[in-house]
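Chemist: Provided below are the primary sequence and the corresponding predicted coordinates.
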Amino acid sequence: MTIRVWIKFFLTLLAIGALTTVVTSFIVSTHAYAPFLDPFNAWELLGVILWYSGYGLVYSVIAQMGFFAYLTLHQFGKGFFGYFWKHAQVIMILFTLFELVYLRYHQDAGPEGLWPYFIAPALLSIFAYAIAKIKARETHPRAFLPALFFMIVVTTIEWIPTLRTGDPEWLVLMVVPLLACNTYQLLKLHRIVGFTNPEDAGSNQKA
């Protein structure tokens with residue numbers, strides 16, 4: 001990856017983080033905009049948008065740091081664990097999902113019971129599975145598990161600052177841009193480095 005490509009990659013992710021945070025804020029933080037819509041106050045409204053954009057930029061940087069840390073971890077894991085690295089990834093995925101349900105329930109236990117704490121892990125797992133399938137289809141079947149690991153485990157680690165607060169509004173405000181940035185990074189990397197699916201290459205040669 002050249003410096004020019006990396007800068008474009010970096011700036012694109014900043015834009016994704018800012019945009020997704022602002023759009024999400026319109027949905028989950030309408031109270032922040034309401035005072036400036038009636039009566040309409042363009043300057044104050046712009047200030048709120050810029051404020052949420054600032055958070056989005058921070059979330060984007062967190063996602064990028066997490067991605068490059070994951071790339072290092074993945075190479076280290078393959079070298080240290082060898083064949084058992086895939087087993088280690090499965091264990092960490094299961095532990096992360098367990099923590100998102102059981103340990104968060106004990107931290108914020110309320111009268112609603114345990115079941116509401118399954119919602120976030122379930123939605124995260126479904127989204128991560130879909131992205132991992134796309135990654136495996138575009139690259140190699142072996143990429144499925146690392147992609148699933150990244151989308152679940154690394155995203156959850158990046159999400160910790162708001163997981164600790166337990167505020168539903170900020171949980172959504174942070175996880176949406178994180179997922180958007182992580183999805184872009186995961187599905188863009190093999191295109192940047194010029195990786196092609198061996199099956200697709202074989203099909204082209206036959207054709």
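Modeler: That came through fine. Residues are numbered from 1 along each chain as shown.

Chemist: how about the strands in the protein?
Modeler: With strands called from DSSP state E, the chain shows none.

Chemist: so where's the longest helix in it?
Modeler: Scanning the chain for the helix with the most residues, using DSSP state H, yields helix 42-81.

Chemist: quick one: buried residues of it?
Modeler: 48-49, 52-53, 55-60, 62-64, 66-67, 70, 74, 77 (16 or more other Cβ atoms under 10 Å). Every residue, glycine included, has its C-beta placed from N, CA and C.

Chemist: just the pLDDT for the closest residue to Ala88 other than its chain neighbours.
Modeler: Once flanking residues are discounted, Ala88 sits nearest to Phe81: 5.3 Å by Cβ to Cβ, 6 or more residues apart in numbering. In this model, Phe81 is scored at 88, pLDDT.

Chemist: now the one 4 residues further on
Modeler: Confidence per residue is given as pLDDT, and for Trp85 that number is 93.

Chemist: tally of neighbours for it?
Modeler: Residues lying near Trp85 (other Cβ atoms under 10 Å) number 18.

Chemist: also His31?
Modeler: A count of nearby residues for His31, using other Cβ under 10 Å, gives 8.

Chemist: what of the one 5 residues further on?
Modeler: The local packing count at Phe36 equals 16, with neighbours defined by other Cβ under 10 Å.

Chemist: what do you get for Arg137?
Modeler: Other residues within reach of Arg137, judged by other Cβ under 10 Å, total 14.

Chemist: what are the boundaries of the helices in the chain?
Modeler: Using DSSP H, the helices found in the chain span residues 3-28, 30-33, 42-81, 85-98, 104-108, 119-138, 144-149, 155-165, 168-192, 198-206.

Chemist: which of the ones you listed comes out lowest on mean pLDDT?
Modeler: Among these, helix 198-206 scores lowest, with a mean of 49.
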